[in-house]
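Peer 1: sequence unknown, structure follows:
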C-alpha cells in the first residue's frame with residue numbers, strides 16, 4: 001500500500017537563498033524560501049516535510065526548531081540550527097556536518113539524502129557552478145560529497161572552479177576524510193589523483209548491471225550490494241584508475257565504475273543515488289535530452305522501472321548507508 005505522511009515544521013531561515021524540492025524531487029531556487037519540501041518516493045511509501053538548510057556554509061537559524069523527523073530522498077536533515085556549531089572533521093568532535101558540492105542547477109541527493117538524514121548529519125550545500133565558492137575549512141566537516149553535472153571533469157575553460165574542487169577532494173581524502181564523488185564527482189576524484197579522463201569514450205544510459213570485483217565484494221562500502229545489482233547510469237566519459245586505487249566495480253561496457261583511494265575516498269561512475277523518483281524527475285526535466293540519448297526510453301519507462309527499479313533503489317540505499325557509516 002502506498003502511504004503519504006506529511007509533517008511540517010514552521011521555521012524562519014536566515015540564509016540568503018533557499019532551495020526547494022517538490023514531491024517529485026524537482027529542485028528550484030528562490031531568493032526568499034524559508035523552508036524546503038522533499039519526498040522519498042520509494043515503493044513502500046513517501047515521507048514529505050519541510051526543513052531549514054545551510055547554503056554555502058552560511059548557518060540557517062530557526063526561532064522554533066522543528067522536530068527531528070525520519071529519512072527522505074533528496075533531503076537534508078530535519079533539524080534547525082540554533083547557532084554556530086562545532087566542527088566535526090576527521091577525528092573531530094561535535095555535530096556531524098557534511099559538505100555537499102553541486103555541479104549543476106538541477107541536482108538531487110536521492111538515496112544519499114536518505115542515508116545522511118538517517119545518520120542525523122547536517123549538510124552545507126555549495127554551488128560553485130553558480131558563484132565559484134567552495135568550502136574553505138574542511139576541518140569542520142565529517143564528509144565531502146561531490147555530485148554530477150553536464151560538464152566534463154576537464155572543462156576548466158567553462159567551469160574554472162574544477163581544478164580547485166579536484167584539489168579540495170584530494171586534500172580531504174589525503175587527510176583521511178570520507179569523500180564521495182558521483183559521476184562527474186568520480187571523474188574529478190580520478191583527476192585529482194593524477195588519472196586521465198577520456199571524453200566521449202564510454203556512453204551508458206539507463207539501468208545497467210554493476211558487478212563488484214573481488215576487492216569490491218570485500219570493501220566496506222561496495223560489499224553492501226553483494227554480487228551486484230542494476231544501477232542507473234548516465235554518462236559519456238570515463239577515467240583511468242589512479243595509481244594506488246582499488247578497483248571496486250565494473251559493468252559489461254565500462255570497466256572503471258567505482259574505486260577507492262586511501263582510507264575512504266570513493267569515486268563512482270554510476271548514479272547509485274538515483275532512485276526511481278529521481279529518474280522520473282530527470283525524465284520530466286530533460287525529456288528531450290533523454291529521448292535523444294535513448295529513443296523510446298520515455299514510452300518504455302514505466303515497464304522498465306517496474307523491473308529494474310526496486311533492486312536499483314535497494315542497492316543505491318545500501319551503498320549510501322555504508323558510506324554514511326564511515327562518517
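Peer 2: The structure has been received and is ready for your questions. As the structure is a computational prediction, the values presented were derived from the model and not from experiment.
Peer 1: list the residues that contact the closest residue to residue 202 other than its chain neighbours.
Peer 2: Leaving aside its sequence neighbours, residue 202 sits nearest to residue 238 (CB to CB, 6 or more residues apart in numbering; 3.7 Å). (C-beta placed from N, C-alpha, C; glycine too.) Going by CB atoms under 8 Å, 6 or more residues apart in numbering, residue 238 touches 187, 197, 198, 201, 202, 254, 256, 269.
Peer 1: report the buried members of those.
Peer 2: Taking 16 or more other CB atoms under 10 Å as the criterion, what is buried in these is 187, 197, 198, 202, 254, 256, 269.
Peer 1: now the helix or strand where residue 233 lies, how far from the chain's geometric center?
Peer 2: Assigned by DSSP states H and E, residue 233 falls within strand 229-235. Offset of strand 229-235 from its chain centre (CA atoms, centre = their mean, to the nearest Å): 14 Å.
Peer 1: phi and psi next, for residue 209.
Peer 2: The phi and psi torsions at residue 209 (degrees, to the nearest 10) take the values phi -80, psi 120.
Peer 1: quick check, pLDDT for it.
Peer 2: At residue 209, the model reports a pLDDT of 98.
Peer 1: residue 129 reaches residue 106, doesn't it?
Peer 2: No - contact criterion CB atoms under 8 Å: residue 129 and residue 106 do not qualify, at 11.0 Å.
Peer 1: which one's more surrounded, those two?
Peer 2: In this view residue 129 and residue 106 are compared by other CB atoms under 10 Å, and residue 129 has more residues nearby, 19 against 15.
Peer 1: list the contacts of stretch 319-327.
Peer 2: With CB under 8 Å, 6+ apart, stretch 319-327 has contacts from 96, 98, 111-112, 114-116, 118-119, 121, 142-143, 178, 180, 220-225, 264, 266, 268, 272-273.
Peer 1: my bad, should have said stretch 173-180
Peer 2: For stretch 173-180, with CB under 8 Å, 6+ apart as the criterion, the contacting residues are 89-91, 112, 138, 141-146, 169, 172, 189, 192-193, 261-266, 268, 323, 326-327.
Peer 1: A strand includes residue 208, no?
Peer 2: Yes - going by DSSP: H, G, I helix; E, B strand; the rest coil, the assignment for residue 208 places it inside a strand.
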